[in-house]
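Trainee: Sequence and predicted structure, then a few things I'm wondering about:
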Amino acid sequence: MTDGPLSHIKVIDLAQARAGPTCVRVLADMGADVIQVVRPGRNPSQTALTNFDTENLHRNKRSIAVDLHKDEGRDLLLRLVKTADVLVENYRPDVKHRLGIDFETLSAINERLIYGSISGFGQTGPYAGRPGVDQIVQGMSGLMTVTGPPGSGPWRVGIAVADLAAGMFLAHGILVAIIERERSGRGQWVTTSLLESMIAMLDFQAARWLIGKEVPGQAGNDHPTVFPTGVFDTSDGQINIAATSDRMFRDFTAAIGLPALADDGRFKDPRARGRNREPLRELCQAKLVERTSSEWIEELNSVGVPCGPILTIDKAFEDPQVSYLHMAQEIESRHFGKLSLVRSPIGLSRTPPEVREAAPRPGEHTAEVLREQGLDAAEIASLAAKGVIGA
(Lines give C-alpha, C1' and ligand atoms only; values in the text may rest on other atoms or scores of the structure.)
Protein backbone atom coordinates (compact mmCIF):
# COMPACT_ATOMS: atom_id res chain seq x y z
CA MET A 1 0.00 0.00 0.00
CA THR A 2 0.97 3.64 -0.44
CA ASP A 3 0.71 6.73 1.72
CA GLY A 4 0.14 8.96 -1.33
CA PRO A 5 -2.41 11.78 -1.24
CA LEU A 6 -5.13 9.55 -2.78
CA SER A 7 -4.27 6.38 -0.84
CA HIS A 8 -7.75 6.46 0.71
CA ILE A 9 -9.43 6.37 -2.71
CA LYS A 10 -10.40 3.13 -4.46
CA VAL A 11 -10.74 3.34 -8.24
CA ILE A 12 -12.35 0.80 -10.56
CA ASP A 13 -10.65 1.11 -13.93
CA LEU A 14 -12.67 -0.01 -16.96
CA ALA A 15 -10.70 2.25 -19.30
CA GLN A 16 -9.17 1.14 -22.59
CA ALA A 17 -6.97 2.59 -25.34
CA ARG A 18 -5.24 5.84 -24.23
CA ALA A 19 -7.59 8.57 -23.05
CA GLY A 20 -9.15 6.67 -20.15
CA PRO A 21 -5.89 5.11 -18.96
CA THR A 22 -4.29 8.57 -19.02
CA CYS A 23 -6.91 9.74 -16.52
CA VAL A 24 -6.45 6.69 -14.31
CA ARG A 25 -2.67 7.04 -14.40
CA VAL A 26 -2.99 10.47 -12.79
CA LEU A 27 -4.99 8.96 -9.92
CA ALA A 28 -2.74 5.90 -9.62
CA ASP A 29 0.44 7.99 -9.46
CA MET A 30 -1.17 9.95 -6.63
CA GLY A 31 -1.57 6.75 -4.63
CA ALA A 32 -5.12 5.63 -5.39
CA ASP A 33 -5.82 1.91 -5.07
CA VAL A 34 -6.64 1.19 -8.71
CA ILE A 35 -8.30 -2.08 -9.68
CA GLN A 36 -8.17 -2.55 -13.42
CA VAL A 37 -10.95 -4.74 -14.81
CA VAL A 38 -10.17 -6.47 -18.10
CA ARG A 39 -12.02 -9.10 -20.06
CA PRO A 40 -10.36 -12.53 -19.76
CA GLY A 41 -7.93 -13.02 -22.62
CA ARG A 42 -7.90 -9.33 -23.59
CA ASN A 43 -5.01 -6.90 -23.37
CA PRO A 44 -6.15 -3.70 -21.60
CA SER A 45 -4.26 -1.58 -24.12
CA GLN A 46 -5.32 -3.15 -27.39
CA THR A 47 -4.27 -0.09 -29.37
CA ALA A 48 -0.84 0.19 -27.73
CA LEU A 49 1.91 0.11 -30.30
CA THR A 50 4.33 -1.77 -28.06
CA ASN A 51 4.41 -3.63 -24.78
CA PHE A 52 6.41 -0.71 -23.43
CA ASP A 53 3.37 1.49 -24.03
CA THR A 54 1.38 -0.78 -21.73
CA GLU A 55 4.01 -0.22 -19.05
CA ASN A 56 3.71 3.51 -19.65
CA LEU A 57 -0.09 3.57 -19.38
CA HIS A 58 -0.91 0.98 -16.72
CA ARG A 59 1.64 1.33 -13.94
CA ASN A 60 0.63 1.47 -10.27
CA LYS A 61 -2.45 -0.75 -10.74
CA ARG A 62 -3.78 -4.12 -9.74
CA SER A 63 -5.56 -6.08 -12.48
CA ILE A 64 -8.45 -8.51 -12.42
CA ALA A 65 -9.94 -10.39 -15.37
CA VAL A 66 -13.75 -10.46 -15.24
CA ASP A 67 -16.21 -11.02 -18.08
CA LEU A 68 -18.82 -8.30 -17.63
CA HIS A 69 -20.93 -9.85 -20.38
CA LYS A 70 -21.76 -12.70 -18.01
CA ASP A 71 -24.26 -12.11 -15.19
CA GLU A 72 -21.89 -13.45 -12.55
CA GLY A 73 -19.12 -11.19 -13.86
CA ARG A 74 -21.38 -8.16 -13.67
CA ASP A 75 -22.32 -9.16 -10.14
CA LEU A 76 -18.63 -9.17 -9.19
CA LEU A 77 -18.28 -5.64 -10.53
CA LEU A 78 -21.35 -4.50 -8.57
CA ARG A 79 -19.78 -6.00 -5.47
CA LEU A 80 -16.66 -3.90 -6.06
CA VAL A 81 -18.74 -0.79 -6.71
CA LYS A 82 -20.30 -0.92 -3.24
CA THR A 83 -16.99 0.10 -1.64
CA ALA A 84 -15.44 2.06 -4.51
CA ASP A 85 -14.92 5.81 -4.66
CA VAL A 86 -14.39 6.23 -8.40
CA LEU A 87 -15.14 4.31 -11.58
CA VAL A 88 -13.61 5.33 -14.92
CA GLU A 89 -14.79 4.10 -18.32
CA ASN A 90 -14.44 5.13 -21.94
CA TYR A 91 -16.86 2.83 -23.73
CA ARG A 92 -19.04 4.20 -26.48
CA PRO A 93 -21.98 5.84 -24.68
CA ASP A 94 -24.48 3.02 -25.31
CA VAL A 95 -22.23 0.15 -24.16
CA LYS A 96 -22.41 0.85 -20.43
CA HIS A 97 -26.21 0.89 -20.62
CA ARG A 98 -26.29 -2.44 -22.46
CA LEU A 99 -24.02 -3.94 -19.81
CA GLY A 100 -26.11 -2.45 -17.00
CA ILE A 101 -23.17 -0.58 -15.48
CA ASP A 102 -24.20 3.00 -16.29
CA PHE A 103 -24.05 5.83 -13.76
CA GLU A 104 -27.73 5.69 -12.81
CA THR A 105 -27.54 1.96 -12.07
CA LEU A 106 -24.31 2.09 -10.10
CA SER A 107 -25.11 5.25 -8.14
CA ALA A 108 -28.23 3.50 -6.86
CA ILE A 109 -25.88 0.93 -5.31
CA ASN A 110 -23.36 3.47 -4.02
CA GLU A 111 -24.50 7.09 -3.89
CA ARG A 112 -20.94 8.21 -3.10
CA LEU A 113 -19.58 6.78 -6.35
CA ILE A 114 -17.91 9.25 -8.70
CA TYR A 115 -18.39 7.92 -12.22
CA GLY A 116 -15.97 9.23 -14.84
CA SER A 117 -16.68 8.87 -18.56
CA ILE A 118 -14.70 9.76 -21.67
CA SER A 119 -16.26 9.46 -25.11
CA GLY A 120 -15.24 10.52 -28.57
CA PHE A 121 -17.86 13.20 -29.10
CA GLY A 122 -20.05 13.43 -25.99
CA GLN A 123 -22.57 11.22 -24.22
CA THR A 124 -25.44 12.62 -26.30
CA GLY A 125 -25.85 14.44 -29.60
CA PRO A 126 -25.75 13.56 -33.30
CA TYR A 127 -22.27 11.99 -33.16
CA ALA A 128 -22.55 10.31 -29.76
CA GLY A 129 -22.62 6.81 -31.22
CA ARG A 130 -19.62 7.27 -33.49
CA PRO A 131 -16.26 5.71 -32.68
CA GLY A 132 -13.92 8.53 -31.69
CA VAL A 133 -10.14 8.40 -31.89
CA ASP A 134 -7.43 11.00 -31.53
CA GLN A 135 -6.65 11.76 -35.17
CA ILE A 136 -10.30 12.06 -36.20
CA VAL A 137 -10.85 14.62 -33.45
CA GLN A 138 -7.66 16.52 -34.27
CA GLY A 139 -9.21 17.08 -37.69
CA MET A 140 -12.74 17.88 -36.53
CA SER A 141 -11.65 20.36 -33.87
CA GLY A 142 -9.77 22.60 -36.29
CA LEU A 143 -6.39 21.78 -34.76
CA MET A 144 -4.96 20.33 -37.96
CA THR A 145 -5.72 23.54 -39.86
CA VAL A 146 -3.61 25.65 -37.50
CA THR A 147 -0.70 23.18 -37.41
CA GLY A 148 2.08 23.03 -39.98
CA PRO A 149 3.53 25.41 -42.60
CA PRO A 150 1.22 27.95 -44.25
CA GLY A 151 -0.65 26.55 -47.22
CA SER A 152 0.65 23.01 -46.71
CA GLY A 153 -2.66 21.32 -45.94
CA PRO A 154 -3.67 19.71 -42.63
CA TRP A 155 -1.01 18.49 -40.21
CA ARG A 156 -1.43 16.10 -37.31
CA VAL A 157 0.19 17.03 -34.00
CA GLY A 158 3.00 14.59 -33.17
CA ILE A 159 1.42 13.24 -29.98
CA ALA A 160 -2.05 11.87 -29.18
CA VAL A 161 -3.00 15.28 -27.88
CA ALA A 162 -6.78 14.74 -27.90
CA ASP A 163 -6.49 11.51 -25.92
CA LEU A 164 -4.08 13.04 -23.44
CA ALA A 165 -6.08 16.22 -22.97
CA ALA A 166 -9.33 14.29 -22.42
CA GLY A 167 -7.64 12.06 -19.86
CA MET A 168 -6.21 14.97 -17.93
CA PHE A 169 -9.47 16.94 -18.04
CA LEU A 170 -11.37 13.93 -16.70
CA ALA A 171 -8.84 13.46 -13.89
CA HIS A 172 -9.28 17.16 -13.05
CA GLY A 173 -13.06 16.74 -12.92
CA ILE A 174 -12.83 13.60 -10.77
CA LEU A 175 -10.58 15.34 -8.25
CA VAL A 176 -13.04 18.24 -8.04
CA ALA A 177 -15.87 15.75 -7.49
CA ILE A 178 -13.91 14.07 -4.69
CA ILE A 179 -13.53 17.44 -2.96
CA GLU A 180 -17.21 18.33 -3.47
CA ARG A 181 -18.28 14.97 -2.03
CA GLU A 182 -16.74 15.94 1.29
CA ARG A 183 -19.47 18.56 1.57
CA SER A 184 -22.45 16.81 -0.03
CA GLY A 185 -21.70 13.16 0.75
CA ARG A 186 -22.74 12.28 -2.79
CA GLY A 187 -20.93 11.26 -5.94
CA GLN A 188 -21.73 12.47 -9.43
CA TRP A 189 -21.20 11.72 -13.10
CA VAL A 190 -18.09 13.43 -14.50
CA THR A 191 -17.87 13.51 -18.28
CA THR A 192 -15.68 14.82 -21.04
CA SER A 193 -14.91 13.84 -24.61
CA LEU A 194 -12.02 14.00 -27.01
CA LEU A 195 -13.89 16.64 -29.03
CA GLU A 196 -14.74 18.86 -26.05
CA SER A 197 -11.19 18.60 -24.78
CA MET A 198 -9.66 19.53 -28.12
CA ILE A 199 -12.00 22.49 -28.59
CA ALA A 200 -11.02 23.69 -25.11
CA MET A 201 -7.33 23.22 -25.91
CA LEU A 202 -7.64 25.55 -28.91
CA ASP A 203 -7.64 28.33 -26.31
CA PHE A 204 -6.60 31.64 -27.91
CA GLN A 205 -7.04 30.22 -31.41
CA ALA A 206 -10.68 29.60 -30.57
CA ALA A 207 -10.93 33.09 -29.08
CA ARG A 208 -9.64 34.58 -32.33
CA TRP A 209 -12.74 33.18 -34.00
CA LEU A 210 -15.35 33.45 -31.23
CA ILE A 211 -14.46 37.02 -30.28
CA GLY A 212 -12.64 38.46 -33.30
CA LYS A 213 -14.41 36.44 -36.05
CA GLU A 214 -10.98 35.69 -37.50
CA VAL A 215 -10.43 32.18 -38.85
CA PRO A 216 -6.89 31.24 -37.78
CA GLY A 217 -4.64 29.62 -40.34
CA GLN A 218 -1.35 27.81 -40.35
CA ALA A 219 1.73 29.66 -39.13
CA GLY A 220 4.30 26.88 -39.25
CA ASN A 221 6.96 27.32 -36.59
CA ASP A 222 6.05 30.95 -36.03
CA HIS A 223 3.74 32.01 -33.24
CA PRO A 224 0.41 32.77 -34.93
CA THR A 225 0.24 36.37 -33.73
CA VAL A 226 3.52 37.36 -32.02
CA PHE A 227 6.80 37.84 -33.89
CA PRO A 228 9.73 37.25 -33.68
CA THR A 229 8.68 34.02 -32.01
CA GLY A 230 9.69 30.93 -33.93
CA VAL A 231 12.51 28.88 -35.40
CA PHE A 232 15.65 30.54 -36.76
CA ASP A 233 18.75 29.17 -38.45
CA THR A 234 22.19 29.55 -36.87
CA SER A 235 25.63 28.73 -38.20
CA ASP A 236 25.33 25.13 -37.00
CA GLY A 237 21.63 24.37 -36.64
CA GLN A 238 18.34 25.88 -35.51
CA ILE A 239 16.99 27.48 -32.33
CA ASN A 240 13.70 28.76 -30.95
CA ILE A 241 13.47 32.45 -30.05
CA ALA A 242 10.53 34.15 -28.33
CA ALA A 243 10.94 37.95 -28.23
CA THR A 244 7.32 38.49 -27.27
CA SER A 245 7.18 41.93 -25.64
CA ASP A 246 8.42 45.39 -26.68
CA ARG A 247 11.15 45.18 -24.05
CA MET A 248 12.26 41.76 -25.25
CA PHE A 249 12.24 42.93 -28.86
CA ARG A 250 14.46 45.87 -28.02
CA ASP A 251 16.89 43.66 -26.08
CA PHE A 252 16.82 41.04 -28.82
CA THR A 253 17.64 43.44 -31.61
CA ALA A 254 20.43 44.99 -29.53
CA ALA A 255 21.90 41.54 -28.78
CA ILE A 256 22.03 40.56 -32.45
CA GLY A 257 23.57 43.87 -33.46
CA LEU A 258 20.51 45.51 -35.03
CA PRO A 259 19.35 48.03 -32.36
CA ALA A 260 17.83 50.37 -34.94
CA LEU A 261 15.07 47.83 -35.66
CA ALA A 262 13.45 48.65 -32.31
CA ASP A 263 12.78 52.19 -33.58
CA ASP A 264 11.77 51.21 -37.09
CA GLY A 265 8.12 52.14 -37.69
CA ARG A 266 7.45 48.82 -39.40
CA PHE A 267 8.21 47.03 -36.15
CA LYS A 268 7.01 49.55 -33.57
CA ASP A 269 4.62 47.24 -31.70
CA PRO A 270 3.58 43.56 -31.65
CA ARG A 271 0.80 44.08 -34.19
CA ALA A 272 3.14 45.83 -36.61
CA ARG A 273 5.79 43.15 -36.19
CA GLY A 274 3.18 40.50 -36.93
CA ARG A 275 2.12 42.28 -40.13
CA ASN A 276 5.70 42.76 -41.26
CA ARG A 277 7.17 39.48 -40.11
CA GLU A 278 8.80 38.53 -43.42
CA PRO A 279 11.09 41.58 -43.79
CA LEU A 280 11.83 41.37 -40.05
CA ARG A 281 12.66 37.67 -40.38
CA GLU A 282 15.11 38.33 -43.22
CA LEU A 283 16.93 41.05 -41.29
CA CYS A 284 17.21 38.98 -38.10
CA GLN A 285 18.09 35.77 -39.90
CA ALA A 286 21.04 37.39 -41.66
CA LYS A 287 22.59 38.11 -38.26
CA LEU A 288 21.65 34.88 -36.51
CA VAL A 289 23.50 32.68 -39.02
CA GLU A 290 26.76 34.36 -38.03
CA ARG A 291 27.01 32.50 -34.72
CA THR A 292 26.35 29.03 -33.31
CA SER A 293 23.19 27.84 -31.60
CA SER A 294 24.89 27.51 -28.21
CA GLU A 295 26.32 31.03 -28.45
CA TRP A 296 22.91 32.54 -29.19
CA ILE A 297 21.19 30.50 -26.47
CA GLU A 298 23.67 31.82 -23.91
CA GLU A 299 23.63 35.40 -25.22
CA LEU A 300 19.87 35.85 -25.55
CA ASN A 301 18.95 34.19 -22.26
CA SER A 302 21.50 36.41 -20.52
CA VAL A 303 19.53 39.50 -21.59
CA GLY A 304 16.14 37.98 -20.71
CA VAL A 305 15.07 36.87 -24.18
CA PRO A 306 13.78 33.26 -24.17
CA CYS A 307 15.86 31.08 -26.47
CA GLY A 308 16.42 27.34 -26.58
CA PRO A 309 17.62 24.40 -28.64
CA ILE A 310 15.46 22.11 -30.77
CA LEU A 311 16.18 18.60 -29.55
CA THR A 312 15.31 15.09 -30.61
CA ILE A 313 13.62 13.12 -27.83
CA ASP A 314 16.80 11.24 -26.89
CA LYS A 315 18.68 14.52 -26.57
CA ALA A 316 15.81 16.03 -24.57
CA PHE A 317 16.27 13.36 -21.89
CA GLU A 318 20.02 14.05 -21.90
CA ASP A 319 19.46 17.77 -21.37
CA PRO A 320 20.96 18.93 -18.03
CA GLN A 321 17.68 20.42 -16.76
CA VAL A 322 15.58 17.41 -17.71
CA SER A 323 18.17 15.16 -16.07
CA TYR A 324 18.17 17.36 -12.95
CA LEU A 325 14.37 17.14 -12.74
CA HIS A 326 14.55 13.31 -12.89
CA MET A 327 11.74 13.13 -15.42
CA ALA A 328 12.78 9.58 -16.33
CA GLN A 329 12.26 7.26 -13.39
CA GLU A 330 13.64 3.73 -13.33
CA ILE A 331 11.39 0.87 -12.28
CA GLU A 332 11.60 -2.92 -12.29
CA SER A 333 9.18 -4.57 -14.71
CA ARG A 334 8.14 -8.19 -14.30
CA HIS A 335 8.41 -8.65 -18.05
CA PHE A 336 11.21 -6.35 -19.20
CA GLY A 337 13.52 -5.95 -16.22
CA LYS A 338 14.64 -2.40 -15.56
CA LEU A 339 12.62 0.22 -17.43
CA SER A 340 12.61 3.99 -17.45
CA LEU A 341 9.20 5.67 -17.42
CA VAL A 342 8.21 9.32 -17.49
CA ARG A 343 7.22 10.37 -13.98
CA SER A 344 4.29 12.60 -13.10
CA PRO A 345 5.17 16.26 -13.75
CA ILE A 346 3.34 17.36 -10.59
CA GLY A 347 5.34 18.23 -7.48
CA LEU A 348 3.86 18.01 -3.96
CA SER A 349 6.13 18.94 -1.09
CA ARG A 350 4.82 16.34 1.41
CA THR A 351 3.02 13.68 -0.62
CA PRO A 352 4.53 13.55 -4.10
CA PRO A 353 3.19 11.24 -6.80
CA GLU A 354 5.24 8.10 -7.40
CA VAL A 355 5.86 5.45 -10.01
CA ARG A 356 5.67 2.54 -7.55
CA GLU A 357 4.80 -0.57 -9.52
CA ALA A 358 5.22 -1.71 -13.11
CA ALA A 359 2.09 -2.53 -15.09
CA PRO A 360 0.45 -5.78 -14.01
CA ARG A 361 -0.25 -8.71 -16.26
CA PRO A 362 -3.93 -8.65 -17.27
CA GLY A 363 -5.83 -10.41 -14.48
CA GLU A 364 -2.75 -10.86 -12.30
CA HIS A 365 -4.54 -9.89 -9.09
CA THR A 366 -7.93 -11.51 -9.72
CA ALA A 367 -7.80 -13.98 -6.84
CA GLU A 368 -6.26 -11.45 -4.47
CA VAL A 369 -8.95 -8.83 -5.08
CA LEU A 370 -11.81 -11.32 -4.91
CA ARG A 371 -10.52 -12.65 -1.60
CA GLU A 372 -10.62 -9.07 -0.33
CA GLN A 373 -14.29 -9.03 -1.39
CA GLY A 374 -14.99 -12.10 0.79
CA LEU A 375 -14.93 -14.88 -1.81
CA ASP A 376 -13.31 -18.13 -0.74
CA ALA A 377 -11.06 -20.41 -2.78
CA ALA A 378 -13.92 -22.67 -3.87
CA GLU A 379 -16.01 -19.76 -5.15
CA ILE A 380 -13.04 -18.33 -7.04
CA ALA A 381 -12.28 -21.71 -8.60
CA SER A 382 -15.91 -22.12 -9.65
CA LEU A 383 -15.98 -18.71 -11.34
CA ALA A 384 -12.74 -19.52 -13.16
CA ALA A 385 -14.13 -22.85 -14.36
CA LYS A 386 -17.16 -21.07 -15.84
CA GLY A 387 -14.97 -18.52 -17.65
CA VAL A 388 -16.35 -15.64 -15.57
CA ILE A 389 -12.86 -14.72 -14.40
CA GLY A 390 -9.36 -15.23 -15.74
CA ALA A 391 -5.99 -15.74 -14.16
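Mentor: Sure thing, it's come through. Residues are numbered from 1 along each chain as shown.

Trainee: show me the contacts for Q123.
Mentor: Q123 makes contacts with 93, 117, 191, 193, as judged by CB atoms under 8 Å, 6 or more residues apart in numbering. Just so you know, the C-beta spots here come from the backbone N, C-alpha and C atoms, and that holds for glycine as well.

Trainee: Just the ones in strands from those, please.
Mentor: Those of those mapping onto strands are 117, 191, 193, per DSSP state E.

Trainee: now, which of those residues sits nearest H172?
Mentor: T191 (12.3 Å; CB to CB).

Trainee: pretty sure that closest one contacts T124?
Mentor: No - T191 lies out of contact with T124 (CB atoms under 8 Å); the separation is 9.8 Å.

Trainee: more crowded one of these two?
Mentor: The residue with more neighbours, out of T191 and T124, is T191; 19 against 11, by other CB atoms under 10 Å.

Trainee: Bridged to the more buried one, which residues?
Mentor: Note on T191: beta-bridge partners by DSSP bridges are S117.

Trainee: Where is the longest helix in this protein?
Mentor: helix 161-184 (DSSP state H).

Trainee: Check which residues of that helix are buried.
Mentor: Using 16 or more other CB atoms under 10 Å as the test for burial, helix 161-184 gives 161-171, 173-175, 177-178, 181.

Trainee: chain center to that helix, what's the gap?
Mentor: Relative to the centre of its chain, helix 161-184 is centred 13 Å away, using CA atoms, centre = their mean, to the nearest Å.

Trainee: again, but for stretch 246-263
Mentor: For stretch 246-263, the distance to the chain centre is 38 Å (CA atoms, centre = their mean).

Trainee: Please apply the same query to stretch 244-261.
Mentor: In terms of CA atoms, centre = their mean, the centre of stretch 244-261 is found 36 Å from the chain centre.

Trainee: What is the burial count for the nearest residue to D33 once chain neighbours are set aside?
Mentor: With CB to CB, 6 or more residues apart in numbering as the criterion, D33 has its nearest non-adjacent residue at 4.8 Å, and that residue is K10. For K10, the neighbour count with other CB under 10 Å is 17.

Trainee: Let's have the ones in strands among the contacts of Q123 in CSV, adding pLDDT and distance to I380.
Mentor: Shown next, in CSV, are these (pLDDT from 0 to 100; distance: CB to CB, whole Å):
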residue, pLDDT, distance to I380
S117, 98, 30
T191, 98, 35
S193, 98, 37
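
Trainee: Tabulate those (JSON lines), appending distance to W155.
Mentor: Putting these into JSON lines (distance: CB to CB, whole Å) gives the following:
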{"residue": "S117", "distance to W155": "30"}
{"residue": "T191", "distance to W155": "29"}
{"residue": "S193", "distance to W155": "23"}
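
Trainee: buried stuff in the least confident helix or strand in the chain by mean pLDDT?
Mentor: Lowest mean confidence among the helices and strands of the chain (mean pLDDT, DSSP states H and E): helix 51-57, at a mean of 85. Within helix 51-57, the residues that count as buried by 16+ other CB under 10 Å are 52, 54-57.

Trainee: Ok, stretch 238-257 next?
Mentor: So stretch 238-257, judged by 16+ other CB under 10 Å, has buried residues 239, 241-244, 248-253, 255-256.

Trainee: try stretch 219-239
Mentor: Residues of stretch 219-239 classed as buried: 219, 222, 224-230, 232, 234, 239 (neighbour count, 16+ other CB under 10 Å).

Trainee: Tell me, how many residues neighbour the residue nearest to A160 when sequence neighbours are not counted?
Mentor: Nearest residue to A160, sequence neighbours excluded (CB to CB, 6+ apart): D134, at 4.4 Å. Using other CB under 10 Å, D134 has 24 neighbouring residues.

Trainee: mind listing what's buried in stretch 111-128?
Mentor: Here stretch 111-128 shows 113-123, 128 as buried, counting by 16+ other CB under 10 Å.

Trainee: can you map out the helices along the stretch 251-391 of the chain?
Mentor: Under the criterion DSSP state H, counting those that start in this stretch, helices of the stretch 251-391 of the chain are mapped to 270-275, 277-288, 293-302, 313-318, 320-324, 366-372, 377-385.

Trainee: So which residues make contact with the first one?
Mentor: This means helix 270-275. With contacts defined as CB under 8 Å, 6+ apart, helix 270-275 is touched by 225-228, 244-246, 249, 265-267, 280.

Trainee: now do the last one
Mentor: Residues from elsewhere that reach helix 377-385 (CB under 8 Å, 6+ apart): 72, 76, 366-367, 370-371, 375, 389-391.

Trainee: Turn the buried ones among the residues you listed into a named ChimeraX selection, would you?
Mentor: This is how ChimeraX selects the buried members of the contacts of helix 377-385, with burial counted by 16+ other CB under 10 Å:
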select :76,366,367,370,375,389,390
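
Trainee: Make TSV out of the contacts of helix 377-385 and add distance to E104.
Mentor: Below are the contacts of helix 377-385 laid out as TSV (distance: CB to CB, whole Å):
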residue	distance to E104
E72	22
L76	20
T366	28
A367	31
L370	26
R371	30
L375	27
I389	26
G390	29
A391	33
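
Trainee: Contacts only, for the most centrally placed residue in the chain.
Mentor: Centroid-nearest residue in the chain: L164, 2.7 Å away (criterion: CA atoms, centre = their mean). L164 sits next to 18-19, 22 when contact means CB under 8 Å, 6+ apart.

Trainee: Kindly recompute the last result at 7 Å.
Mentor: L164 sits next to T22 when contact means CB atoms under 7 Å, 6 or more residues apart in numbering.

Trainee: Please apply the same query to the one 10 residues further on.
Mentor: Remark: with contacts taken as CB under 7 Å, 6+ apart, I174 is in contact with 27, 86, 114, 116, 190.

Trainee: Let's see the pLDDT reported for it.
Mentor: Per-residue confidence (pLDDT) for I174: 98.

Trainee: where does the stretch 51-200 of the chain dip in pLDDT?
Mentor: Scanning the stretch 51-200 of the chain for pLDDT under 70 picks out 51.

Trainee: show me where it has helices.
Mentor: For the stretch 51-200 of the chain, the helices defined by DSSP H, counting those that start in this stretch occupy 51-57, 71-81, 93-99, 103-109, 134-140, 161-184, 194-202.
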